[in-house]
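Enquirer: Here is my input, please return the structure:
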Amino acid sequence: MEKNMKVLCPECGDQEVFKIGTSFLDSKYNLLNLKSDHCIIHFIEEEKDKEKIKSIIKHGGEIANHYGYTLYYCNNCHYLYSKFSFRVGIGKEQYEAHYSCPNCHLDLVEANRNNMITYKCKNCKKDSMIYID
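Expert: As a prediction, the model looks like this:
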């Protein structure tokens, strides 16, 4: 089930909303249908990765059960992002979604919402964002 998570900056009052989970459009049928606007290839930026996913889907690949929008974090810039997390594969051919920071291009890591991490506000640029879920 899809929900929104709010993050607030106590310094400037800016608030960001991040999508978490899945919606009714994120059915396995839609995600694996290459003709659908909700196909998983639309979440991927790298063309070589799109081709690998297309090949896996065309050969009967399946998407793992745990998928959906997840919070990702840049260890360098300290920004949060909501990205679609998934793993698709058939046999030894597997692909797991991975994303790069749009600012510094380092790999994003999945944010652990149980650990307190300082997130940077995109408005005032201070490391002061907090969850208000």
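Enquirer: Every contact and neighbour count from this point should use C-alpha atoms.
Expert: Fine.
Enquirer: What about the spatially closest residue to E93 that is not a sequence neighbour, how many residues nearby?
Expert: The spatially closest residue to E93, leaving aside those adjacent along the chain, is I56, at 6.9 Å (C-alpha to C-alpha, 6 or more residues apart in numbering). Neighbour count of I56, defined by other C-alpha atoms under 10 Å: 21.
Enquirer: Just after the strand or helix carrying I56, pick out the following helix or strand.
Expert: Using DSSP states H and E, I56 maps to helix 47-58. With elements assigned by DSSP H and E, the helix or strand that comes after helix 47-58 is strand 62-63.
Enquirer: That next one packs against which elements?
Expert: The contact analysis (3 or more C-alpha pairs under 8 Å, 6 or more residues apart in numbering; DSSP states H and E) places strand 62-63 against helix 28-32, strand 87-90.
Enquirer: one more time with 7 Å
Expert: Applying 3 or more C-alpha pairs under 7 Å, 6 or more residues apart in numbering; DSSP states H and E, one finds that strand 62-63 contacts strand 87-90.
Enquirer: List the buried residues in the very next helix or strand once past the strand it packs on.
Expert: Reading on from strand 87-90 to the C-terminus, the next helix or strand found by DSSP H and E is strand 93-96. Neighbour-count burial for strand 93-96 flags Y95 (criterion: 16 or more other C-alpha atoms under 10 Å).
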